[in-house]
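**Q** give me coordinates for this.
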Amino acid sequence: MSRPWNFSAGPSALPLEVLEQAAREMTDWQGSGMSVMEMSHRGKHFTQIRDEAVADLRELLAVPDDFEVLFMQGGATAENAIVPMNLIGRGGAGKADYILSGSWSNKSYKEAQRYGDISIAASSGDSAVEKGVEQGPWTWFPTPESWKVRPDAAYLHLCCNETIGGVEFSQWPDMADVGAPGVPLVVDASSNFLSRPIDFSKVGMVYAGAQKNAGPAGVTIVLVRKDLIGHALPICPSAFDYANVAQAGSMFNTPPTYAIYIAGLVFKWLKRSGGIAAVEAENIRKAQALYGFLDGSGFYRNNVQAEVRSRMNVPFFLQDETLNTEFLAQAEARGLLQLKGHKSVGGMRASIYNAVPFEGVQALITFLQEFERQHG
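**A** As a prediction, the model looks like this:
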């Protein structure tokens, strides 16, 4: 079956193998006579689906035993509130610090202000000279030595991949090295989750909306250290209290069953593909090919500091932006879909998540070359 290449930032492309298996099992999951959408979340069939998904995710990311794996709802946007409601009460200070690096970390910061004393530990919201090059706002990431973390903060929050701006920061420091050894790091990893390994020794919690690399919209994955659970504010809804969700095996209320099922299929696909190490190597290959072409072209440009360019989300601009409409029309006619940049920044954006193969990136580069020859 011939399909177009989908460069959507999310909900994003899913592996074709996963979609085909889900189609085969749509009306009858493994001889049960039921669709996954029809079965009780407490019955043996769905319990098996959930248990396998948890086990496969733990294996893929080498999740330590002292971390809970939770399936929740509301996306990363809901976690912007759920995180402070669960964690800011630790220690009694009611404080949390945030690193601002783009649109999504800003949303997290603004929401958290509703629940306590929230401070900016570092921000890339201004222009700066990085590596001798002038960098515009949100095109670079504050280096750890510049972070100002309060030692009594309940946690430090960062977004490690800004989907809109295309900035990725995954070399997380030891918190002792930034002067806050007792402050856990909380990471929104929504748009690079499962694309690279996670060093759990440096993080207290990682959360991710599934609709980038892990599955469809509807389920949010939370990996949280067990000692951080049990400190929810009195105003925290019971369904969003990590302690309740953990105790009930992510079934305190009816979970997003079908989304968990699809995520579980994605986890199995990743294992068949060689695991996270193999997937990361392929992601590096894809990103190097696309950025390499853009850097060698005078027709397109990428504004992000090279050291923190996202492997997942590649924003770029045409030097002559009057050609944008024609570019997108020709791209769609070639089966290269959803390349328009976010409305807040304009330009173009190619999201090259795990399910977008190298062949798709090559097809995009070929089109970029041809369009440049037409108009360069």
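
**Q** can you pull out the strands in the stretch 251-376 of the chain?
**A** 300-301, 313-318, 336-337, 348-351 (DSSP state E, counting those that start in this stretch).

**Q** what of the stretch 1-150 of the chain?
**A** 5-6, 67-72, 95-100, 117-123, 128-130, 133-135.

**Q** before we move on, back to that, so which of the strands of the stretch 251-376 of the chain is nearest residue 226?
**A** Residue 226 lies closest to strand 313-318 among those, at 32.0 Å (CB to CB). The way it works is simple: take the backbone N, C-alpha and C, and place the C-beta from them, glycine included.

**Q** what helices and strands are in contact with the closest one?
**A** helix 275-295, strand 300-301, strand 348-351 (3 or more CB pairs under 8 Å, 6 or more residues apart in numbering; DSSP states H and E).

**Q** which of the three states applies to residue 197?
**A** coil (DSSP: H, G, I helix; E, B strand; the rest coil).

**Q** what about it, how many neighbours?
**A** 15 (other CB atoms under 10 Å).

**Q** quick check: the gap between the closest residue to it other than its chain neighbours and residue 263.
**A** Distances taken as CB to CB, 6 or more residues apart in numbering put residue 276 closest to residue 197, at 5.4 Å, once the chain neighbours are dropped. Between residue 276 and residue 263 the computed distance is 15 Å (CB to CB, to the nearest Å).

**Q** again, but for residue 179
**A** 37 Å.

**Q** pick out whichever of those two has more residues nearby.
**A** residue 263 (26 against 13).

**Q** ok, now which ones touch that one?
**A** Contacts were defined as CB atoms under 8 Å, 6 or more residues apart in numbering; by that measure residue 263 touches 53, 71, 210, 214-216, 219, 221.

**Q** kindly report the same for residue 283.
**A** Contact analysis of residue 283 by CB under 8 Å, 6+ apart lists 195-196, 311-312, 352, 354.

**Q** tell me which helix or strand of the protein sits lowest on mean pLDDT?
**A** strand 128-130 (a mean of 77; mean pLDDT, DSSP states H and E).

**Q** tell me which residues in it are buried?
**A** Residues 128, 130 are the ones in strand 128-130 that count as buried (16 or more other CB atoms under 10 Å).

**Q** in its sheet, what does that strand sit against?
**A** strand 133-135 (antiparallel) (DSSP bridges).

**Q** counting by contacts, list what the following helix or strand past the strand it pairs with packs against.
**A** Where DSSP states H and E defines the elements, the next helix or strand beyond strand 133-135 is strand 156-159. Packed against strand 156-159 by the contact rule (3+ CB pairs under 8 Å, 6+ apart) you find strand 95-100, helix 103-112, strand 185-188.

**Q** if we can go back for a sec, which of the helices and strands packed on strand 313-318 sits most buried?
**A** Mean neighbour count (mean count of other CB atoms under 10 Å) peaks for strand 348-351 among the helices and strands packed on strand 313-318, with a mean of 24.

**Q** what packs against that one?
**A** Using 3+ CB pairs under 8 Å, 6+ apart, strand 348-351 sits against strand 313-318, helix 324-333.

**Q** got the CA coordinates for the shortest one in CSV?
**A** The one in question is strand 313-318. What follows is strand 313-318, C-alpha atoms only, in CSV (Å, rounded to 0.1, in the frame of the first residue of the first chain):
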residue,chain,number,x,y,z
ASN,A,313,11.0,18.7,15.0
VAL,A,314,12.9,20.5,12.3
PRO,A,315,11.6,24.1,11.7
PHE,A,316,12.9,25.8,8.6
PHE,A,317,12.2,28.9,6.6
LEU,A,318,12.3,29.8,2.9
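
**Q** now the angle between helix 324-333 and that strand, please.
**A** Interaxial angle of strand 313-318 relative to helix 324-333 (axes from the mean of the first three to the mean of the last three CA atoms, to 10 degrees): 130 degrees.

**Q** re earlier: got the helices and strands packed on strand 313-318 as CSV, with mean pLDDT columns?
**A** What follows is these, written out as CSV (pLDDT from 0 to 100):
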stretch, mean pLDDT
helix 275-295, 98
strand 300-301, 98
strand 348-351, 98
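
**Q** turn those into CSV, including distance to residue 23.
**A** Putting the helices and strands packed on strand 313-318 into CSV (distance: least, CB to CB, whole Å) gives the following:
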stretch, distance to residue 23
helix 275-295, 23
strand 300-301, 37
strand 348-351, 24
